[in-house]
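Novice: sequence first, then the predicted structure, then my questions.
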Amino acid sequence: MNRRTTALYLSILLASVLLLPVKTSAAPMSAEELKVLQESLSIVELDREITRIEEEQRQTEQTIRELERQLSNKDEEIKDSREQAGRRLAAYYMGERESLLSALLSANSLKDFLSMLDYYQLIAERDHYILNKYKTEYAAIEKTKRKLDRLSGELGSMKESLVKQRTRVAALQQSVDGSLDTSADPEKLKAMIEELTVYWQNVGLYEIRRYFKELSAAMAEFPDFLQEHRESLASDNGGYVLTVQEKDLNDFLHSRSDLLKNMAFVFEDERIIAEGRREGLELKVEGTYTVEQEPQNSITFHVSRIIFNGLELPDTTRTELENDFDLGFYPKKIVPFVEATEASIQKGTLIVKLKLDL
């Protein structure tokens, strides 16, 4: 059974327990049932985040062990270079190289002078090679040490994050267990949890990532927007103002993807809301744009809320999707000699202020 067929089948199967566009159950879910499903979905996603962190931690620990091995080997390898470099430097400080230079200058004939010059150049080149070799090997060791320190710090952060997420899961699980204990129909509630989990793991997460992937691909083509809407860019006080109308953005995104035709993008005060529904799945994404300078000047989209079939996803899922899919755009790809200084969202309009960056 392919994924599309599975999605349709599970949508029909879960229509009685999930918040779908068409209600098939006469009795709506209670606030307690919604709360339990919300917490259960958060547990599933936090468990997935824990698995991701554990794998990242395992890989980091493996990298640290390899770097420590490399560092130990390099320390052994550099001993000979260090000793040779030390002898060369000592020769200069002790005046041995000056005596060679004096011998060169006191040569009795041109033939002797040229012979001594060749000898002197060979020694100088060998000294230069040995000192440079040591310098290169020493720089490599220092670079490995810095990388090791950085990874050790990241590993510490991972361990802290792991403890944090496990604590959150334990608290949520305790709340769910308490709701099941006090429920008038715990078996029904358990079934709803199981069905939601199956739907999310087999369909929901895949479909949400699919929407984000399509959005990211469409926003990568945003420079074409200006070609289609030249009136959107206007000069202003030595710079420019890019004005994006809600309808124009909807038309642009819908023209880039059939999947996005199911979504509507609304500009409210200081936030953008994207809502869509398809085959039993309802998705609502809220976020805002900010100007960022690193790693390059950009208008970056930050996800503040994701609501899946009426259930809000946890911050870990928002962060993952924001990191995996770039929904922003880059002013220099629109006009090469400008950079963004400010982004604001008003009802129906996104306004980006640009300055010359020559």
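Specialist: Structure received. Numbers count the residues shown, from 1 in each chain.

Novice: strands of the stretch 101-250 of the chain, start to end?
Specialist: Taking DSSP state E, counting those that start in this stretch, the strands of the stretch 101-250 of the chain run over residues 233-236, 239-245.

Novice: just put the ones you listed in TSV and tack on distance to Gln59, mean neighbour count and mean pLDDT.
Specialist: C-betas here are computed from N, CA, C, even on glycine. Formatted as TSV, the strands of the stretch 101-250 of the chain follow (distance: least, Cβ to Cβ, whole Å; neighbours: other Cβ atoms under 10 Å; pLDDT from 0 to 100):
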stretch	distance to Gln59	mean neighbour count	mean pLDDT
strand 233-236	45	12	88
strand 239-245	41	18	91
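
Novice: pipe those into TSV and attach distance to Lys355 per row.
Specialist: Formatted as TSV, the strands of the stretch 101-250 of the chain follow (distance: least, Cβ to Cβ, whole Å):
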stretch	distance to Lys355
strand 233-236	10
strand 239-245	4
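
Novice: could you point out which of those sits nearest Leu311?
Specialist: strand 239-245 (30.6 Å; Cβ to Cβ).

Novice: got a list of contacts for the closest one?
Specialist: 225-226, 232-235, 331, 334-335, 338, 341, 348-356 (Cβ atoms under 8 Å, 6 or more residues apart in numbering).

Novice: which of the strands of the stretch 101-250 of the chain sits closest to Val285?
Specialist: Closest to Val285 of those, according to Cβ to Cβ: strand 239-245, at 17.3 Å.

Novice: parallel or antiparallel, list what pairs with the closest one.
Specialist: Neighbouring strands of strand 239-245 in its sheet, by DSSP bridges, are strand 233-236 (antiparallel), strand 349-356 (antiparallel).

Novice: what residues does stretch 32-44 touch?
Specialist: 29, 168-169, 172-173, 175-176, 179-180, 183, 189, 192-193, 196-197, 200-201, 308, 310-314.

Novice: narrow the residues you listed to those in helices?
Specialist: 168-169, 172-173, 175-176, 179-180, 189, 192-193, 196-197 (DSSP state H).

Novice: what degree of burial does Asn323 show, as a neighbour count?
Specialist: Using other Cβ atoms under 10 Å, Asn323 has 9 neighbouring residues.

Novice: for it, report the pLDDT, please.
Specialist: pLDDT recorded at Asn323 is 94.

Novice: for the chain, which spans come out with low pLDDT?
Specialist: The model of the chain has pLDDT under 70 over residues 1-27, 77-124, 126-128, 130-131, 134, 358.

Novice: show me where it has its helices.
Specialist: Ranges of helices within the chain are 3-14, 31-93, 96-105, 110-182, 186-199, 205-220, 223-228, 246-256, 315-324, 331-334, based on DSSP H.

Novice: next, the angle helix 186-199 makes with the fourth one.
Specialist: Which is helix 110-182. 150 degrees (axes from the mean of the first three to the mean of the last three Cα atoms, to 10 degrees).

Novice: what's near enough to touch Arg58?
Specialist: By Cβ under 8 Å, 6+ apart, Arg58 lies in contact with nothing.
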